[in-house]
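[1] what's the 3D shape of this:
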Amino acid sequence: MPTRTPTHRNHGTLPSPGCPRLAAGRPARRSVALVDMPAAAEIIGTSARHVRRLVFERRIPYVKVGHYVRFDLDELDQWIDEHRVPEVRCTHPRRR
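    Numbers count the residues shown, from 1 in each chain. Below you'll find the predicted structure:
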């Protein structure tokens, strides 16, 4: 009995990776650097427990890989920039 090759919708053959029909519906893949919770805590200068609380409260962007929590370095940098508090200079002299 001959083996059947899988087919792609009415094409009769498998699509090539550069098939425009497949690429049109999904975004282009990008290389993502993911770090674990202790590394993310070190990057933002807090404890791993604090990062766990931020994840629980959904106050920090994260990615679930199975049951693991990982952090995209680009999103983590963006999150840090968004939470940066601007410097305020006092314009009046101090009282003595």
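
[2] Neighbouring strands - and their directions - for the longest strand seen in the chain?
    Secondary structure of the chain per DSSP state E: the longest strand is strand 68-72. Its sheet considered, strand 68-72 pairs with strand 34-35 (antiparallel), strand 63-65 (antiparallel) by DSSP bridges.

[3] Dump those strands into JSON lines; add distance to residue 90 as well.
    Any C-beta I mention is one placed from the backbone N, CA and C, and that applies to glycine too. Below are those laid out as JSON lines (distance: least, CB to CB, whole Å):
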{"stretch": "strand 34-35", "distance to residue 90": "38"}
{"stretch": "strand 63-65", "distance to residue 90": "42"}
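
[4] and these as CSV, adding mean neighbour count and mean pLDDT?
    Listed next are the strands paired with strand 68-72 as CSV, based on neighbours: other CB atoms under 10 Å; pLDDT from 0 to 100:
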stretch, mean neighbour count, mean pLDDT
strand 34-35, 16, 96
strand 63-65, 10, 94
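
[5] buried ones in the longest strand of the chain?
    69, 70, 71, 72 (16 or more other CB atoms under 10 Å).

[6] Turn those residues into TSV, columns for pLDDT and distance to residue 40.
    Below are the buried residues of strand 68-72 laid out as TSV (pLDDT from 0 to 100; distance: CB to CB, whole Å):
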residue	pLDDT	distance to residue 40
69	96	9
70	97	8
71	97	4
72	96	10
